[in-house]
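A.B. asks: below is the structure, and that's it, no one-letter string:
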Ligand SMILES: [Zn+2]
């Protein structure tokens, strides 16, 4: 079950970067998702972000969509541009009967939905 709750729509360009305002005549602009693609966003503003602003918004989206919501996205099978990189197993630390802490592995589908972190990995 993906989080695809939004319709697929495309809006025309504003003729400038929606973040910094640089004109389309002075910089190449790329399409911008209103909600990140990795979170089910399929509403696009055509030619809306300059390269410099895309670098900054991509950095924030990577942390949000991988480090913070990566485990949740894997669990629900959210759309991804890199399906081969989707995790199928996750790890967790457990102590059985007060024994030593051990790192165990289980299928993502058997792990609880914890949006705080990706299973077994820290921020990239
Ligand atoms: Zn910009």
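C.D. replies: Nice, I can see it. In this text the structure is predicted, and so the values were computed from the model without any measurement.
A.B. asks: tell me which residues touch the residue nearest to residue 20 when sequence neighbours are not counted, please.
C.D. replies: Here the nearest residue to residue 20 in space, its sequence neighbours aside, is residue 53; by CB to CB, 6 or more residues apart in numbering that works out to 5.5 Å. (Glycine included, C-beta is placed from N, CA and C.) By CB atoms under 8 Å, 6 or more residues apart in numbering, the contact list for residue 53 reads 17, 19, 20.
A.B. asks: could I get the average pLDDT for the host helix or strand of residue 53?
C.D. replies: Residue 53 is part of helix 51-62 when elements are defined by DSSP states H and E. pLDDT averaged over helix 51-62 equals 95, rounded to a whole number.
A.B. asks: surely residue 86 meets residue 75?
C.D. replies: No: applying CB atoms under 8 Å as the test, residue 86 and residue 75 come out as separate, 10.4 Å apart.
A.B. asks: compare the two (neighbour count), which wins?
C.D. replies: Counted by other CB atoms under 10 Å, residue 86 and residue 75 do not tie: residue 75 has more neighbours, with 19 against 13.
A.B. asks: what about that one, which SS state?
C.D. replies: Residue 75 carries the three-state label helix when classified by DSSP: H, G, I helix; E, B strand; the rest coil.
A.B. asks: what comes up buried for the lowest-mean-pLDDT helix or strand in the chain?
C.D. replies: For the chain, scoring each helix and strand by mean pLDDT, DSSP states H and E identifies helix 70-76 as the least confident one, at a mean of 80. Of the residues in helix 70-76, those buried by neighbour count under the rule 16 or more other CB atoms under 10 Å are 70, 71, 72, 73, 74, 75.
A.B. asks: run the chain-centre distance for it.
C.D. replies: Between the centre of helix 70-76 and the centre of its host chain there is 10 Å, according to CA atoms, centre = their mean, to the nearest Å.
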